[in-house]
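> here is a sequence with its predicted model. Questions after.
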Amino acid sequence: MPDDRYVIVGGGFAAAVDHSTLLRSSWGRARVENLTITQVYEEQDPWLRHVDHRMGQWPGLLALPGFGERHLAEPSREFLSSRRFAEANKSTHDATKHEIVIGRVVDLRRHNDYELDLILEGRPNPVRAKYIDLCTGPGKMRWMQRWRGDRTSPRTIRQGVYFGADALWTEYRNPDLTKLDRRVLPAELFMARTFAVGHQVCIVGTGPLAASCVERALSEGATSVLWVGMDSFAGSFPPSGRYDALVTTASGPLPVRSDFPDTATDLFSVDARLELVPAHQLLWVDTSSSSANTLEAFLVPRKGGPSRLFVADQIALSASSQTQYDEPDSVAALLDRLRRASPIPVPMDPIRLDSADVLQGIPFGFQTPLGDLRVLGVAALGHPDFSSSVSTTLRQYEATLPGQARVDLRGITLSAIAIAQANRFFRRTPNHSVNTAHEWELAALLDATSGFGLADIRGKRRDPFVTLSEAGLTNVELVTRYEDPDYYWP
């Protein structure tokens, strides 16, 4: 392929925001010039294959920069339908002119000082580009490893789970993500299928995805749901309160909060069909001696106590995403291979805005010193090198957002804003959304006292403002959600 390409790697909302905001800023248009924008992905937006469910934010926080309000004409005070969000992503992708290349990225190389090669599995020739933006989201799902030793041997969860039947392991690791009829499957695929009423289900793992699987199993009519966590379940309940209805505490429902629950909080199931089993590890899984369609699995406590054997029809394993250097499909490993192959290895630099921008100095991603390779969105914010020293100002910004948007730098709202800022989308006209504007932007649009005061009030709320009057504002050039993306066009 010729090198007159601007490659965006990814098929989800991050790639859509990147493409749309690049073309709606003078900085982005000068960068793209006459290059052909080529989008590379192995799978189009994963949200398209998820069974419709409620997300963790109201529409006001998911009408992303460059999308436009017209895509999300939904009830303003309800958690958005995942199907509607997927449709908005697709609509934004479809509205941009680009070439599509389907393939799995396996390597990234520098062809020369001015060109990069993207290596795709099974393709003899690389995709050569002048610029590459990695907008891959949190990363490919992390598969559990298979333990080959004695099934009762003590080990860490990273060392794997013992699969007694080869057929179970083959089902679980089937690379065909459309094959959903599995007895043991990743949580991401559990959210993409429907299953028969009356199943006994086990969800292994913590975090919002695991909580979403639990909620879905209960709503689909499972007779029992066993939820197993390596530690506490605190990280499964973001400050949005999205999954709070699943649990209660000794003193009542989880309180409105600015962060995840205190890890010392004991949580109890609200639904009699749900049992929470914290601080346990799944050691092995096998087919039942009484039925090949039924599973037997074994849990061991991490801090003493009795072990447990249980029976289930289906087990969903939530192992999060590949983010570390020793995980070959992670962005960190991809960048490390590029660095090691370079004649003079150089580190990636934070993308910081300059004096022409209101948010000068705040990091919004990673890039090479030449700026020809950028890592954007959660792909950057979840990178292991995005250390606290680099991300401090971004974390301070996240702390001023409504609780629904605070997901430890992994949230959709913050990710989209970071991409738009990296593309200087708000350079001419600062972000004027009362729900997402940085306090410096609010100060520039209002005044210092009002701007910083509003950000402080917003950070103490769980829900976004639906009307300006809720924010105590009248007769100001602010909105509660992005409307016409061309409003920011320089």
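Cool, the structure landed. Computed from a prediction, not measured in an experiment: that's the story for all the values here.

> list the buried residues in stretch 59-66.
59-66 (16 or more other CB atoms under 10 Å). C-beta: built from backbone N, CA, C; applies to glycine.

> strands - which of these land there?
When those are checked against strands using DSSP state E, none is located there.

> sitting in helices, which of the residues you listed do you find?
59-62 (DSSP state H).

> redo these as JSON lines? Include pLDDT and distance to L295.
Listed next are those as JSON lines, based on pLDDT from 0 to 100; distance: CB to CB, whole Å:
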{"residue": "P59", "pLDDT": "89", "distance to L295": "39"}
{"residue": "G60", "pLDDT": "88", "distance to L295": "42"}
{"residue": "L61", "pLDDT": "92", "distance to L295": "39"}
{"residue": "L62", "pLDDT": "91", "distance to L295": "36"}
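
> is it possible to get JSON lines of those that adds distance to V161?
Putting those into JSON lines (distance: CB to CB, whole Å) gives the following:
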{"residue": "P59", "distance to V161": "39"}
{"residue": "G60", "distance to V161": "41"}
{"residue": "L61", "distance to V161": "36"}
{"residue": "L62", "distance to V161": "35"}
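
> what residues are up against the nearest residue to G459 once chain neighbours are set aside?
Nearest-residue entry for G459: T400, 4.2 Å, with adjacent residues in sequence omitted and distances by CB to CB, 6 or more residues apart in numbering. With contacts defined as CB atoms under 8 Å, 6 or more residues apart in numbering, the neighbours of T400 are 438-439, 455-456, 458-459.

> just the helices in the stretch 201-350 of the chain please.
Taking DSSP state H, counting those that start in this stretch as the test, the helices found in the stretch 201-350 of the chain are 208-219, 331-341.

> between the ones in helices among the buried residues of stretch 59-66, which is nearest H19?
L62 (17.7 Å; CB to CB).

> surely the closest one is in contact with G56?
No. Look at L62 against G56 with CB atoms under 8 Å: they stay out of range, at 9.4 Å.

> any idea how far G229 lies from T21?
If you measure G229 against T21 using CB to CB, to the nearest Å, the figure is 38 Å.

> quick check: pLDDT value at the residue lying closest to P253 once chain neighbours are set aside.
Nearest non-adjacent residue to P253, counting by CB to CB, 6+ apart: D244, 6.4 Å away. Taken from the predicted model, the pLDDT recorded for D244 is 95.

> for this structure, give me the ranges with low pLDDT.
Within the chain, the set of residues satisfying pLDDT under 70 comprises 1-3, 68-73, 194, 196-197, 343-346, 387-389, 483-490.

> spatially central residue in it, please.
For the chain, the residue whose C-alpha lies nearest the mean C-alpha position (CA atoms, centre = their mean) is P138; its distance is 4.9 Å.

> in the sheet, who's paired with the residue lying closest to that one once chain neighbours are set aside?
The spatial neighbour of P138 that comes closest, neighbours along the chain excluded (CB to CB, 6+ apart), is S321 at 4.1 Å. Residues in a beta bridge with S321, per DSSP bridges, are M141.

> tally of neighbours for S321?
Each residue near S321 was counted by other CB atoms under 10 Å, and the total is 22.

> how about the contacts made by it?
If you count contacts by CB under 8 Å, 6+ apart, S321 has them with 137-142, 330, 382.

> adjacent strands (with direction) for whichever strand or helix holds I132?
Secondary-structure assignment from DSSP states H and E places I132 in strand 131-134. Strands flanking strand 131-134 in the sheet, each with its direction: strand 5-9 (parallel), strand 373-375 (parallel) (DSSP bridges).

> okay, now the domains of this protein?
According to automatic domain parsing, the chain comprises the domains 5-140+323-488, 157-317.

> please work out which of those is packed deepest.
Highest mean neighbour count of the domains of the chain: domain 5-140+323-488, a mean of 19 (counted as mean count of other CB atoms under 10 Å).

> sec struct for the closest residue to A341 other than its chain neighbours, please.
Closest residue to A341 apart from its sequence neighbours, by CB to CB, 6+ apart: R109 at 6.0 Å. Reduced to three states with DSSP: H, G, I helix; E, B strand; the rest coil, the structure at R109 is strand.

> give the contact list for S20.
When the contact criterion is CB under 8 Å, 6+ apart, the partners of S20 are 65-67, 92, 95-96, 485.

> any chance of those residues in TSV, plus distance to N34?
As requested, the contacts of S20 are exported to TSV (distance: CB to CB, whole Å):
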residue	distance to N34
P65	24
G66	21
F67	26
T92	22
A95	20
T96	16
P485	22
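
> hang on, the earlier thing: now for the helices of the stretch 201-350 of the chain, which one comes closest to S288?
With respect to S288, and counting by CB to CB, the nearest of the helices of the stretch 201-350 of the chain is helix 208-219 at 19.5 Å.

> off-centre distance for that closest one?
For helix 208-219, the separation from the chain centroid amounts to 16 Å (computed by CA atoms, centre = their mean, to the nearest Å).

> I would like the residues contacting that helix, please.
Outside of helix 208-219, the residues that reach it under the criterion CB under 8 Å, 6+ apart are 51, 53, 56, 187-188, 190-191, 199, 201, 203-204, 225, 227, 229, 236-238, 242-243, 246, 271, 273-274, 316, 318, 320, 407.

> no more questions from me, cheers.
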